[in-house]
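Peer 1: Predicted model and sequence below, questions to follow.
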Amino acid sequence: MKLKKFGATEQRIYEMVTPMIEKMGYLVWDVRYEKEGADWYLRIFIDSENAAISIQDCEKVTRPVSDMLDEEDPIPHHYILEVSSVGLDAELLRESHFDACIGCEVRARGIRPLPDGSREVIGILTAWDKDSVTIESGGQTQELPLSALAFVKLYFEFSY
């Protein structure tokens, strides 16, 4: 996997909407501007330090963000705006994601079997740099090259 960087449009939107969204008490996890079929989507993923994000939270953010984007008009053509929760198993794609998740439980899946022979590791993200992640699991620490990983995601286990 490679660390993802914002494209020019994503960066511009991120800088525009982040102050407003943070004033509302939310965090901007990611901004994605993607083409799917004939349509362009502007997706803003939000999170909160205090509670899970609800559909009402997404609605609360969507209205003022949509108004701001209509007024500023940073995207010259038609697109579909989506505001959603980052989710319990958010994929870590950007440097800011890894920084925010030090000390969190994550699941890393290898493209091929990892050095210990397993396909994935679940443990605490203890460190990262542009080339690797360090995960502590079962009393052992593994440094895994990012290039050998399909993904790194937050991990949450449901108990029934």
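Peer 2: Now that the structure is in, tell me what you want to look at. Bear in mind that the values here come from a model prediction, so they are computed numbers and not experimental data. Numbers count the residues shown, from 1 in each chain.

Peer 1: Next one: the closest residue to P113 other than its chain neighbours from P145, what distance?
Peer 2: Of all residues beyond its chain neighbours, the one nearest P113 is R119 (5.9 Å), with distances taken as CB to CB, 6 or more residues apart in numbering. Bear in mind the C-beta positions are built from the backbone N, C-alpha and C, glycine included. To P145, R119 is 15 Å away according to CB to CB, to the nearest Å.

Peer 1: in stretch 6-20, what's buried?
Peer 2: Judged by neighbour count (16 or more other CB atoms under 10 Å), stretch 6-20 contains these buried residues: 6, 9-10, 12-13, 16-17.

Peer 1: so of these, which ones are in helices?
Peer 2: Assigned to helices by DSSP state H, the following of those qualify: 9-10, 12-13, 16-17.

Peer 1: which of those residues lies closest to D99?
Peer 2: E10 (18.1 Å; CB to CB).

Peer 1: mind listing what the closest one touches?
Peer 2: E10 is in contact with 31-33, counting by CB atoms under 8 Å, 6 or more residues apart in numbering.

Peer 1: What is the burial count for A108?
Peer 2: Neighbours of A108 under the rule other CB atoms under 10 Å: 26.

Peer 1: Pretty sure it sits in a strand.
Peer 2: Yes. The assignment for A108 (DSSP: H, G, I helix; E, B strand; the rest coil) places it in a strand.
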